[in-house]
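Trainee: fold the following.
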Amino acid sequence: MSNAKHGTNFIYLASRSPRRCELLQQLGMKFEQVPADIDESLQASEKPEDYVFRMAVGKARAAASKLESHNMPVLGADTAIVIDGQILGKPESKEDALAMLRKLSDNTHEVLSAIALVGSNDELFDLNRTQVSFRRISDAEMMAYWALGESSDKAGAYAIQGHAALFIENISGSYSGVMGLPLFETGRLLERFGYQLFGKAVH
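Mentor: Presented below is the predicted three-dimensional model:
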């Protein structure tokens, strides 16, 4: 696959997330955002791993279908906060956010970040698992954190790159994966597609 049409290291990104844009820029990638709105409902008895894979692939395929010429790959990603086998989505209210933070408090949860790189003739996938341990959070701290506004549009009601970093005692895995785009896995898929991130592609 050639990426000469748009210049070096160009892809499409099936996301509106400013965090994913920042992370992709860290890899030196040029990209155009092609947001894809798909049904993100969890299917009955669907495992969290299967869900994030389905979302990442679905977003990438939906974005690719919008393009007149699909000669460049599309990157899709999805991240889920999982605790006790349950996916914590974006809170629907203050009470919902506080309930999520109480579950995370003094506990360890898993963050699953799936990525999919969909080209005209190939599709590649990967998954990152990261364990995140929170210290005990007091009710006063939870209320103060909610008042900052960080919780309202974040899965699991927290943003690792914000004030919630004060709650995190330990991370085992990928910081960028918790932010929404695991750079190690993303770089590996891009190199498999023939992109040269360090002057020489690794296969």
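Trainee: list the buried ones in the top helix by length along the chain?
Mentor: When the chain is scanned for its longest helix (criterion: DSSP state H), the result is helix 48-66. Within helix 48-66, the residues that count as buried by 16 or more other CB atoms under 10 Å are 48, 51-64. Where you see a C-beta, it was placed from the backbone N, CA and C, and this is true even at glycine.
Trainee: from the chain's centre, how far out does it sit?
Mentor: Its chain's C-alpha centre and that of helix 48-66 lie 12 Å apart, by CA atoms, centre = their mean, to the nearest Å.
Trainee: spit out the contact partners of residue 186.
Mentor: 23-24, 27, 75, 77, 115, 126 (CB atoms under 8 Å, 6 or more residues apart in numbering).
Trainee: how far off centre is the helix or strand hosting it?
Mentor: Taking DSSP states H and E as the definition, residue 186 sits inside helix 183-192. With CA atoms, centre = their mean as the basis, helix 183-192 stands 14 Å off its chain's centre.
Trainee: that helix: which residues count as buried?
Mentor: 183, 185-191.
Trainee: now tabulate those residues in CSV and tack on pLDDT.
Mentor: Conversion of the buried residues of helix 183-192 to CSV gives the following (pLDDT from 0 to 100):
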residue, pLDDT
183, 97
185, 97
186, 97
187, 95
188, 94
189, 95
190, 94
191, 91
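Trainee: looking at the residues you listed, which is nearest residue 69?
Mentor: In terms of CB to CB, no member of these lies closer to residue 69 than residue 190, at 19.9 Å.
Trainee: ok so, going back, which of the contacts of residue 186 has the weakest pLDDT?
Mentor: Among the contacts of residue 186, residue 27 has the lowest pLDDT, at 91.
Trainee: next, count neighbours for that residue.
Mentor: Residue 27 is flanked by 17 other residues according to other CB atoms under 10 Å.
Trainee: on that earlier part again, between the buried residues of helix 48-66, which is closest to residue 141?
Mentor: The closest of those to residue 141 turns out to be residue 48 (CB to CB; 27.1 Å).
Trainee: what sits closest to the closest one if chain neighbours are left out?
Mentor: Nearest non-adjacent residue to residue 48, counting by CB to CB, 6 or more residues apart in numbering: residue 82, 4.7 Å away.
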